[in-house]
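**Q** No sequence on hand, only this structure:
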Ligand code: SF4
């Protein structure tokens with residue numbers, strides 16, 4: 001397999017065969033992220049991609065799903081996506097879905113008819129690192145899109161029948177910003193249809209712009225208790241039926257909930273954490 005760069009896939013794709021379609025990130029400007037900082041963006045040449053498909057076929061000829069790695073495979077043009085999606089079909093006859101990371105920015109340059117065709121070719125299951133639906137938080141994180149863009153672009157995915165998953169990041173709005181971020185994001189996310197929302201919590205890494213801003217006093221990180229309260233507010237304000245997966249290692253208290261049915265249970269669970277843990281205990285967890 002030709003894995004040349006940093007290989008990254010979401011935890012919920014752990015059982016999906018992965019293949020490198022691109023490496024690096026086309027954007028690299030998010031202030032909290034240094035994941036692909038020193039790695040140029042590269043599209044895997046089709047010959048390399050085919051060789052990897054042949055290798056996957058030799059182990060899992062009946063794979064029903066495949067995950068394309070790289071921060072931005074969906075940034076590829078319609079024609080490049082089409083060629084690769086059809087090539088997957090040449091090798092993996094039973095493959096029903098081709099999943100990958102995508103950005104709101106990557107959807108902008110695609111028409112609904114193109115999205116529909118890509119869906120018909122198997123592209124389905126886009127993990128979108130939205131992080132927030134609050135304009136001032138999106139600006140602080142320099143995500144390169146607005147809340148209105150999230151709604152506009154995801155409505156195109158809804159129209160094309162492509163399923164997608166969101167990420168929400170607690171703590172990203174900084175100290176005293178969690179409530180606003182949670183209310184605004186829940187309002188925006190509720191206008192579209194993410195199959196589930198994965199929740200992470202900001203950890204400041206020294207090689208990021210946000211860390212440098214914190215050093216200069218331009219960004220004050222939110223405390224751990226504020227983040228738990230932020231998640232409670234987010235859960236309270238979401239108006240759609242969706243799964244919430246707040247179980248990655250960046251969450252002090254890992255939890256999952258099926259909303260709206262488990263809303264009260266989830267809020268109560270987080271309240272128990274607030275009632276029984278103090279800030280220093282939670283800070284020690286993050287520092288570790
Ligand atoms: S968060 Fe995603 S889009 Fe932003 S710089 Fe990191 S890898 Fe690229």
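**A** Alright, I've got the coordinates. These figures come from a predicted structure and were not determined experimentally.
**Q** C-alpha from now on. contacts and neighbour counts both.
**A** Fine.
**Q** what comes into contact with the longest strand seen in the chain?
**A** In the chain, with assignment by DSSP state E, the single longest strand is strand 123-131. For strand 123-131, contacts defined as C-alpha atoms under 8 Å, 6 or more residues apart in numbering pick out 85, 97-104, 138, 150, 162-169.
**Q** Let me see the ranges of the strands in the stretch 151-288 of the chain.
**A** Taking DSSP state E, counting those that start in this stretch, the strands of the stretch 151-288 of the chain run over residues 164-170, 196-201, 242-246, 255-259.
**Q** Looking at these, spot the one closest to the ligand.
**A** Closest to the ligand of the strands of the stretch 151-288 of the chain is strand 164-170 (C-alpha to the nearest ligand atom; 10.5 Å).
**Q** for the record, mean pLDDT for the closest one?
**A** Strand 164-170 comes out with an average pLDDT of 98.
**Q** From the contact counts, what lies against that strand?
**A** Applying 3 or more C-alpha pairs under 8 Å, 6 or more residues apart in numbering; DSSP states H and E, we find strand 164-170 packed against strand 123-131, strand 196-201, helix 224-237.
**Q** Output the ones you listed in JSON lines; the columns should cover distance to the ligand.
**A** Output for the helices and strands packed on strand 164-170, formatted as JSON lines (distance: least, C-alpha to the nearest ligand atom, whole Å):
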{"stretch": "strand 123-131", "distance to the ligand": "7"}
{"stretch": "strand 196-201", "distance to the ligand": "12"}
{"stretch": "helix 224-237", "distance to the ligand": "20"}
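**Q** can I get these in TSV with mean neighbour count, mean pLDDT and distance to residue 41?
**A** Listed next are these as TSV, based on neighbours: other C-alpha atoms under 10 Å; pLDDT from 0 to 100; distance: least, C-alpha to C-alpha, whole Å:
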stretch	mean neighbour count	mean pLDDT	distance to residue 41
strand 123-131	22	97	18
strand 196-201	23	97	25
helix 224-237	22	98	33
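**Q** any idea how far the residue nearest to residue 232 when sequence neighbours are not counted lies from residue 223?
**A** Spatial nearest neighbour of residue 232, chain neighbours left out: residue 267 (5.4 Å); criterion: C-alpha to C-alpha, 6 or more residues apart in numbering. In this view, residue 267 and residue 223 are 18 Å apart by C-alpha to C-alpha, to the nearest Å.
**Q** just to revisit the earlier point, mind checking which of the strands of the stretch 151-288 of the chain is nearest residue 142?
**A** Among these, the nearest to residue 142 by C-alpha to C-alpha is strand 164-170 (13.8 Å).
**Q** Strand partners (parallel or antiparallel) of that closest one?
**A** According to DSSP bridges, strand 164-170 has the following sheet partners: strand 123-131 (parallel), strand 196-201 (parallel).
**Q** just to revisit the earlier point, and for the residue nearest to residue 232, the neighbour number?
**A** Look at residue 267: counted by other C-alpha atoms under 10 Å, it has 19 neighbours.
**Q** Pretty sure it sits against residue 235.
**A** Yes: at 7.3 Å, residue 267 counts as touching residue 235 under the criterion of C-alpha atoms under 8 Å.
**Q** how near is whatever residue of the stretch 151-288 of the chain ends up closest to the ligand to residue 215?
**A** Nearest residue of the stretch 151-288 of the chain to the ligand (C-alpha to the nearest ligand atom) works out as residue 208 at 9.9 Å. Applying C-alpha to C-alpha, the value for residue 208 to residue 215 is 11 Å.
**Q** Compare these two and say which is more crowded by neighbours.
**A** The neighbour comparison of residue 208 against residue 215 (other C-alpha under 10 Å) goes to residue 208, with 17 against 12.
**Q** Give me the pLDDT for the more buried one.
**A** Confidence at residue 208, expressed as pLDDT, is 97.
**Q** Let me know how buried the residue nearest to residue 234 when sequence neighbours are not counted is, in neighbour terms.
**A** Leaving out its chain neighbours, the residue that sits closest to residue 234 by C-alpha to C-alpha, 6+ apart is residue 182, at 4.5 Å. Applying other C-alpha under 10 Å, we find 30 residues neighbouring residue 182.
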